[in-house]
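Give the three-dimensional model of this entry:
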Amino acid sequence: MVKIAPSILSADFANLERDIHRISDADYVHVDVMDGVFVPNISIGIPVVQSIRKVTDMFLDVHLMIVEPVRYVDQFCDAGADLVTVHLESDTPENIHAAIDKIHAKGKKAGVVLKPKTPAEAALPFLEKVELILVMTVEPGFGGQKFMADMMPKVTQLRRWIDEKNPACELEVDGGVAPDTCRTCIDAGANVLVAGSAVYKAEDIPARIQQLRG
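Below is the predicted model of the structure:
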């Protein structure tokens, strides 16, 4: 079944607990962490993840858009993340491997993320080591951007490699996912869809989550 991971970047931060409970029909809570260096925006950090963990038992999918994530992955795991994803572009391959090892040592799931300009091949050295690969279908840093349909061949290629080398690995897409694009992502091979404004701006959130499952 296709999993839905609403992004709290589109939630009301003054009512974050309420807005997390509003997405209880979803599978994951997607938490975007931005440092203003790796991406041109600043969002939230470790204290907010700790606070979220206290108010929900949902699976926390923490997406680190930060430089040198190896410095902080332990703390995000301790804060309550169930899955921590790190960008391949954010550090050296050696340090990305080290970050994945640290996440696994904490008993959590690890994933790698590819920005739009990063080719599918960049994930190959990590593919058999991670539990999830995330393909960005917008430039990371801001919510509400237009979906990049030209990323679908990358998703399809990664799906082929995952099926060959690590069938348990999930394939996630993030960016511009909405009722008119979700089927495109699913058909290309994605099984986890991140959606922010498409979920939180819906009049009926449970119905929208169901709709996004395709």
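
Burial check on residue 118, number of neighbours?
Close neighbours of residue 118, defined as other CB atoms under 10 Å, add up to 17. The C-beta positions use only the backbone N, C-alpha and C, and glycine is treated the same way.

try residue 158
So residue 158, with other CB under 10 Å, has 24 neighbours.

And the closest residue to residue 43 other than its chain neighbours, which helix or strand is it part of?
The shortest distance from residue 43 to any non-neighbouring residue, by CB to CB, 6 or more residues apart in numbering, is to residue 34 (4.2 Å). Using DSSP states H and E, the element containing residue 34 is strand 28-34.

swap in residue 18?
helix 16-21.

Now that helix: buried residues?
16, 19-20 (16 or more other CB atoms under 10 Å).

from what I can see the residue nearest to residue 43 touches residue 42, true?
Yes - here residue 34 reaches residue 42: they are 5.7 Å apart, a contact under CB atoms under 8 Å.

more neighbours, these two?
Using other CB under 10 Å as the criterion, residue 34 and residue 42 rank with residue 34 on top: 21 against 13.

List the contacts of the residue most central in space within the chain.
Centroid-nearest residue in the chain: residue 63, 5.0 Å away (criterion: CA atoms, centre = their mean). Neighbouring residues of residue 63 by CB atoms under 8 Å, 6 or more residues apart in numbering: 30-33, 85, 113, 134, 174, 194.

how about 10 Å then?
5, 7, 9, 30-34, 43, 81, 83-87, 111, 113, 134, 136, 140, 172, 174, 194 (CB atoms under 10 Å, 6 or more residues apart in numbering).

Same question for residue 37.
Residue 37 neighbours (CB under 10 Å, 6+ apart): 65-68, 90.

if we can go back for a sec, pull up the overlap in contacts between residue 34 and residue 42.
65, 141.

doesn't residue 19 make contact with residue 8?
Yes - Residue 8 is within contact range of residue 19, at 6.9 Å (criterion: CB atoms under 10 Å).

Tell me where the model's unsure across this structure.
Along the chain, segments meeting pLDDT under 70 span 143-144.

all helices of this structure, in order?
16-21, 46-55, 73-79, 93-105, 152-165, 182-188, 197-200, 205-212 (DSSP state H).

residue contacts, the nearest residue to residue 197 once chain neighbours are set aside?
Leaving out its chain neighbours, the residue that sits closest to residue 197 by CB to CB, 6+ apart is residue 10, at 4.7 Å. For residue 10, the contact set (CB under 10 Å, 6+ apart) comprises 19, 30, 32, 143-144, 195-201.
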